[in-house]
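K.L.:
A structural model of the following input is requested.
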Amino acid sequence: MNNPVIQSLRKRRSQYSLGRQVTQSHAEIEALIKEAIRLSPSSFNSQSSRAVILFGAQSERFWELVGDALRPLVPADAFAATEQKLGSFAAGIGTVLFFEDQDVVKGLQEKFALYADNFPVWSEQSSGIAQMATWTALSEAGIGASLQHYNPVVDEAAHREWNLPPSWKLRAQMPFGSNEAPFADKTYIDDAERFRVVA
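P.N.:
From the prediction side, this is the model:
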């Protein structure tokens, strides 16, 4: 299939071997991430997605905070593997922290009471779309990334470290950098298990 969107989606893969050999400046990457999130759709055009873009030592600091939060929770004899994994994320050039602003969600619940139960779900969908858009945009720029979920164990520390609004709820983390290893082959389940076409 020669559709450019499909081609972009095929390129987007999880990269766990990250480096710092990217050709773009921090400003260029920042602009790319901001635009990807800005252009992502949201229910009622709520624009509830928020992001913190960390570069260099600030990104490393985030993964240190994750390690500090996990150390009491992970058995001591297994922590070395956890530490190695976190180190692979810190080895990249940066990390995007994705948040959803709960004040926006609550405001919509109050304004449109009929749909109140749906707004938290729609907020999660908006966040997922913003994450996918960002990941795909980075991939198109030749930058590797993966999507991680160390919330809620690191939430409090991240809020404190970067003085973030209490209404921002951490949903995902995306370490990114140069692709330092080839991608493994990806397999897909059979279409018959996944799709129904009615004509």
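
K.L.:
and Gly144, bridged to which residues?
P.N.:
Gly177 (DSSP bridges).

K.L.:
next up, the contacts around it.
P.N.:
Applying C-beta atoms under 8 Å, 6 or more residues apart in numbering to Gly144 gives the contacts 15, 17-18, 92, 138, 176-180. Backbone N, C-alpha and C define where each C-beta goes, glycine included.

K.L.:
redo that, cut-off 10 Å
P.N.:
12-19, 22, 92-93, 135, 138, 175-181, 183 (C-beta atoms under 10 Å, 6 or more residues apart in numbering).

K.L.:
can you check Asn179 too?
P.N.:
13, 15, 17-19, 21-22, 139, 142-145.

K.L.:
how does it look with 8 Å?
P.N.:
15, 17-19, 142-144.

K.L.:
now Leu9
P.N.:
Thr136.

K.L.:
can you classify it by secondary structure?
P.N.:
helix (DSSP: H, G, I helix; E, B strand; the rest coil).

K.L.:
against Trp162, how distant is it?
P.N.:
Distance of Leu9 to Trp162, computed by C-beta to C-beta, to the nearest Å: 31 Å.

K.L.:
which parts of this protein are helices?
P.N.:
4-11, 26-38, 56-70, 79-90, 102-111, 119-140, 155-162, 191-194 (DSSP state H).

K.L.:
quick one: the worst-scoring helix or strand of the chain on mean pLDDT to helix 119-140, angle?
P.N.:
None of the helices or strands of the chain scores lower by mean pLDDT, DSSP states H and E than helix 4-11, at a mean of 92. Angle between the axes of helix 4-11 and helix 119-140 is 80 degrees (criterion: axes from the mean of the first three to the mean of the last three C-alpha atoms, to 10 degrees).

K.L.:
buried ones in helix 4-11?
P.N.:
By 16 or more other C-beta atoms under 10 Å, helix 4-11 has no buried positions at all.
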